[in-house]
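Undergrad: Got a sequence here, can you build the structure:
(one chain, ligands or ions: 2)
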Amino acid sequence: MFKYKCLNPIAGVGLELFNNKYDKCEDVNDADAILVRSASMHDMELPDTLEAVARAGAGVNNIPLDKCADKGIVVFNTPGANANGVKELVLAGLLLASRDVVGGINWVQSERANEDIAKLTEKEKKNFAGCEIKGKKLGIIGLGAIGVLVANAATHLGMEVYGYDPYISVDAAWNLSRSIKHIQAVEDIYKECDYITIHVPLLDATRKMINKESIAKMKDGVVVLNFARDLLVEETDMVEALKNGKVKRYVSDFPNTTMAGAKNAIVIPHLGASTEESEDNCAMMAVKELMDYMENGNIKNSVNYPACDMGECIHACRIAINHRNVKNMIGQFASVFGEADINIANMMNASKGDFAYSLFDLEKAAPEEVISRIKTIDGVLKVRVIK
Ligand SMILES: NC(=O)c1ccc[n+]([C@@H]2O[C@H](COP(=O)([O-])OP(=O)(O)OC[C@H]3O[C@@H](n4cnc5c(N)ncnc54)[C@H](O)[C@@H]3O)[C@@H](O)[C@H]2O)c1
Ligand SMILES: O=C(O)CC[C@@H](O)C(=O)O
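TA: Ligands and ions are numbered 1, 2, ... in the order given. You can find the predicted model right below:
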């Protein structure tokens, strides 16, 4: 029986996929697997029993990836599963930044008891007028699952789209409309674009990438949209730029004490992925990833361990080993099996950065002393007997 703990509410349609080998638990110390959305795991004690964490979503900055990898805990995310939900809200953000719909609605509310509201409307509406997005230049920083969808949709709305992503995946490049201008230097996005939207992960290299210096390179009256993470922007610099009009509007999906009341900021309460469809897609993908890992040892969509998939085990035994990416690990594992007179029927090894993963299908069951010997090999972080 496997135990899983949900650190955030996870859509029922995902949890229903768990079969009778799984039980929900309340105490994280009992958990073999964790399902999480945005809850921060950085200060959590991770129990030794924990095998895997699945982030029902894209961003993994709330999870200590290296600390998990060091303990042999595989962390998954659900790439693309909520991308359409975010894309749709980014399109709404473009429009909200262009026409003062929010100000207009607030005005209507403030005048709702006024009998002359209809007449007054025609006089007051000029205060909320704006511009169209058609024909304007949109710069997209980060052309992953979300950036590509935003880029393609914006071209259909008549925008001239500039895209920047030095690490773009082959899949993303295939999906990108040919009309998008491929930008090699992010400065060209700053210099040319009327609207700039950020869709990169929060990493050391991207933290505070929008700051006083980058804002100074932007056009006067630019609109900046941030549906990725607040820490990508040095928000005190943004508040200043909103005050002096350099930035016309800042649309953010991340309320905090700096931005919530800032002039000309439109702050949304982290709703990008909060659609029925995105929540269902993320939950289903996360649960499927966990089940395949717990039951077969297969890794798909991990952010701290390599992909490794041998399907279902058709042999007597499967052993999964999480280990450091150092020399001669396979040789040492094979020797232990050989000395115990166990033939390897199939195997796979892959690495990602400092960490590696090996699956061995064996022609007969590995006795406890074989597993114990493998656990003592220097560099081995976790060993599981899958079957
Ligand atoms: N608001 C929300 O609810 C919500 C929902 C989903 C994702 N997100 C955030 O959006 C981010 C992007 O999501 P995604 O699904 O598109 O992820 P993704 O991994 O598919 O795409 C990220 C892209 O950023 C690119 N990139 C990395 N560093 C870059 C840099 N320095 N300059 C330019 N491009 C760079 C990568 O090459 C990749 O193509 C997530 O990491 C997450 O933080 C927010
Ligand atoms: O779970 C959520 O609602 C937000 C998810 C989002 O920020 C992500 O990175 O996928």
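
Undergrad: Run through the residues that contact the residue in the chain positioned nearest to ligand 1.
TA: Closest residue of the chain to ligand 1, C-beta to the nearest ligand atom: residue 144 (1.7 Å). Just so you know, the C-beta spots here come from the backbone N, C-alpha and C atoms, and that holds for glycine as well. By C-beta atoms under 8 Å, 6 or more residues apart in numbering, the contact set of residue 144 is 79, 165, 168-169, 172, 199-200.

Undergrad: again, only using 6 Å
TA: Going by C-beta atoms under 6 Å, 6 or more residues apart in numbering, residue 144 touches residue 172.

Undergrad: the strands in the stretch 151-300 of the chain, which residues?
TA: Using DSSP state E, counting those that start in this stretch, the strands of the stretch 151-300 of the chain run over 160-164, 181-182, 195-198, 222-226, 247-252, 265-267.

Undergrad: CSV please, covering those and showing distance to residue 340.
TA: Shown next, in CSV, are the strands of the stretch 151-300 of the chain (distance: least, C-beta to C-beta, whole Å):
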stretch, distance to residue 340
strand 160-164, 54
strand 181-182, 56
strand 195-198, 54
strand 222-226, 56
strand 247-252, 58
strand 265-267, 61
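
Undergrad: Number of residues surrounding the residue nearest to residue 215 when sequence neighbours are not counted?
TA: Using C-beta to C-beta, 6 or more residues apart in numbering and skipping residues adjacent in sequence, the residue nearest residue 215 is residue 241, 4.9 Å away. Neighbourhood size, residue 241 [other C-beta atoms under 10 Å]: 22.

Undergrad: what's the spacing between residue 241 and residue 129?
TA: Per C-beta to C-beta, to the nearest Å, residue 241 is found 23 Å from residue 129.

Undergrad: now swap in residue 383 and tell me
TA: Distance of residue 383 to residue 129, computed by C-beta to C-beta: 66 Å.

Undergrad: With residue 159 instead?
TA: Distance from residue 159 to residue 129, by C-beta to C-beta: 20 Å.

Undergrad: Compare neighbour counts for these two and give me the winner.
TA: residue 159 (22 against 9).

Undergrad: Identify the spatial nearest neighbour of that one, chain neighbours not counted.
TA: Of all residues not flanking residue 159 in the chain, residue 138 sits nearest, at 4.6 Å (C-beta to C-beta, 6+ apart).

Undergrad: how about the one you found, what does it touch?
TA: Residues counted as contacts of residue 138 (C-beta under 6 Å, 6+ apart) are 154, 159, 161, 195.

Undergrad: Tell me which residues touch the second one, please.
TA: So that's residue 159. By C-beta under 6 Å, 6+ apart, the contact list for residue 159 reads 133, 136, 138.

Undergrad: So which of these is the closest to ligand 2?
TA: The shortest approach to ligand 2 among those belongs to residue 138, at 21.5 Å (C-beta to the nearest ligand atom).
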